[in-house]
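Enquirer: Task: produce atomic coordinates for the following.
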Amino acid sequence: MAHYTVAHQSTSTPWSPHDETEDARVDDESIITRARWARRAGLGILAIIALVAVIGLPLYVFPADPPAPNADLIYVIGPPTATRIADAESLRDQGIADQVLVSVPPSGPDSAGELAYCWRAYVTCRTPNPFTTRGEAAMLQAYASDGDTVIVLTYTPHVLRTRYIFDTCADADVTVIPVDERLNLSRWIYNYAYQSAAFAKAWILGCADPPADALP
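Expert: Have a look, this model is predicted:
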């Protein structure tokens, strides 16, 4: 009896090196497309960073630096760094003003009881409430009134916000002068972000109430 073998026809598609080439080409094009978009996104981010940096130059890096007028008071706002105190002493030596007011924290080495500069007869050290630029502007109300001239010393990236708050919240004629305190790149980046956010906060919160017990 004869046996016959029946061949089963495969239903699968035969492999072709052409298909593999096409798949590889699609994968390569996908990788190239993703790389292209990643590069564009990176360039876009760099462009935004550069734009923010340029916009911030006149605001935080090179604010207006007016000459110091003759004043009734020199006001060093916190923290009372050695550079700010040195600038206050320089202005006093030039005969710009006799009295110095210093904003100090409630405790620590820069507090009124610990900071040696506070012990000088012509220096008054007080802690504003709150211990912020708003609080410092409010505290000035207890030491200077409308018509008085006050020089306020603070570090460069803080100048613009200080001018806004003191112009809004203090009655005295205030001139804010930047103090040249060396800042590294990370500190500049931090101040770009911090000062912008704090500016918005100052606009929302408005002025603080002058303290009733600030006068010496």
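Enquirer: A helix includes Val174, no?
Expert: No - using DSSP: H, G, I helix; E, B strand; the rest coil, the secondary structure at Val174 is strand, not a helix.
Enquirer: Isn't it up against Ile165?
Expert: No - Val174 lies out of contact with Ile165 (C-beta atoms under 8 Å); the separation is 9.7 Å. C-beta coordinates here come from the backbone N, C-alpha and C atoms, glycine included.
Enquirer: Which one of these two is surrounded by more residues?
Expert: Ile165 (28 against 23; other C-beta atoms under 10 Å).
Enquirer: host element of that one?
Expert: helix 159-169 (DSSP states H and E).
Enquirer: by contact count, what packs against that helix?
Expert: helix 133-140, strand 149-155, strand 173-179, helix 185-205 (3 or more C-beta pairs under 8 Å, 6 or more residues apart in numbering; DSSP states H and E).
Enquirer: quick one, that helix and helix 133-140 angle?
Expert: Orientation of helix 159-169 against helix 133-140 (axes from the mean of the first three to the mean of the last three C-alpha atoms, to 10 degrees) gives an angle of 50 degrees.
Enquirer: Residues touching helix 159-169, excluding its own?
Expert: Outside helix 159-169, the residues that touch it by C-beta atoms under 8 Å, 6 or more residues apart in numbering are 59-60, 63-64, 77, 133-134, 137-138, 140-141, 152, 154, 174, 176-178, 195, 198-199, 202-203, 206-208.
Enquirer: Low-confidence stretches in this protein?
Expert: Under the criterion pLDDT under 70, the flagged ranges of the chain are 1-29, 40-57, 213-216.
Enquirer: And the residue nearest the centre of it?
Expert: Asn191 (2.3 Å; C-alpha atoms, centre = their mean).
Enquirer: from memory it sits against Leu183, does it?
Expert: Yes - between Asn191 and Leu183 a contact is recorded at 7.1 Å, counting by C-beta under 8 Å.
Enquirer: any residues in contact with both of these two?
Expert: Pro157.
Enquirer: which residues of the protein fall in strands?
Expert: For the chain, strands defined by DSSP state E occupy the ranges 73-76, 100-103, 123-126, 149-155, 173-179.
Enquirer: would you list those in CSV and tack on distance to Ala212?
Expert: Below are these laid out as CSV (distance: least, C-beta to C-beta, whole Å):
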stretch, distance to Ala212
strand 73-76, 19
strand 100-103, 17
strand 123-126, 13
strand 149-155, 20
strand 173-179, 22
